[in-house]
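S.K.: The following comprises the amino acid sequence and a computationally predicted model.
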Amino acid sequence: MGGRDVARDLASKYVLFSCEGTAEEVIISKLHEGGRLAVPRERVVEDPIYFTPYTRLRKAGQIAQRFFGTSYVADGASGLLLARIVDSRAGRFVLPRRWAESCAVESFYTRPEIEMLTIHAEGAYGGWLRESRKNRQLRSSEFCKGGLGLRDIKSRDFLDSYWTVEMLTRAIREYDEHRNRSSGELSLGDLLR
């Protein structure tokens, strides 16, 4: 991790989660509600428009405009950490210069696909490995729909009713044990306390 201490930063800063999609939103909400994040609840920055523990904004300028008018050096916190929940390294993310030094940015990757959590929750990782070896083009979302019969795998209603915080925490930890990470790459497991 090259001199950075993400666990310390999560515990000592205010944290703004920027979620890429619906599944990521549900996951952060469930972990926040269940008290499973390494971030103290009172230091999770809420979106002031939608009152969610995350934002769907992903462009640096938009995030800066909405969230950077507040001081995050308060109540013992040492600043702001922007935690991007994304599925790939594609696309550059550069904060406006005037904010770059006052906000740490970390990306937590859900690759290859967030649906791998469901595969682990269903105890179907072995079946996924067999099927994906037969068909290298098989996506985990397709496996969930066809192999597991979870047709609404991407819908908010399904995700809200499917995941409990205990099940989600267990799936994240199990997924972290099996996935191949690039050196220094952060994952959802790094967000857990």
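M.R.: On my side now, so go ahead. Residues are numbered from 1 along each chain as shown.

S.K.: Just the residues contacting the top helix by length along the chain, thanks.
M.R.: Of all segments of type helix in the chain, defined using DSSP state H, the longest is helix 165-178. Contact with helix 165-178 is made by 27, 30-31, 33-34, 36, 116-118, 120-121, 125, 187-189, 192, as judged by C-beta atoms under 8 Å, 6 or more residues apart in numbering. C-beta: built from backbone N, CA, C; applies to glycine.

S.K.: could you check the distance from the residue nearest to Val165 when sequence neighbours are not counted over to Gly61?
M.R.: The shortest distance from Val165 to any non-neighbouring residue, by C-beta to C-beta, 6 or more residues apart in numbering, is to Gly34 (3.0 Å). Using C-beta to C-beta, to the nearest Å, Gly34 is found at 33 Å from Gly61.

S.K.: Ok, Phe143 next?
M.R.: Phe143 is 37 Å from Gly61, by C-beta to C-beta.

S.K.: Can you give me the buried ones in the least confident helix or strand in the chain by mean pLDDT?
M.R.: Sorted by mean pLDDT, DSSP states H and E, the helices and strands of the chain end with helix 97-100, the least confident at a mean of 83. Neighbour-count burial for helix 97-100, counted by 16 or more other C-beta atoms under 10 Å, picks out Trp99.

S.K.: For it, name the packing helices and strands.
M.R.: The helices and strands touching helix 97-100, judged by 3 or more C-beta pairs under 8 Å, 6 or more residues apart in numbering; DSSP states H and E, number zero.

S.K.: Which strands border the next helix or strand after that helix, and is each parallel or antiparallel?
M.R.: Following helix 97-100 in sequence order, the next helix or strand is strand 103-109 (DSSP states H and E). Take DSSP bridges as the rule and strand 103-109 pairs in its sheet with strand 80-86 (parallel), strand 186-187 (parallel).

S.K.: Measure how far the longest one is from the centre of its chain, please.
M.R.: How far strand 80-86 lies from its chain's middle: 8 Å, per C-alpha atoms, centre = their mean, to the nearest Å.
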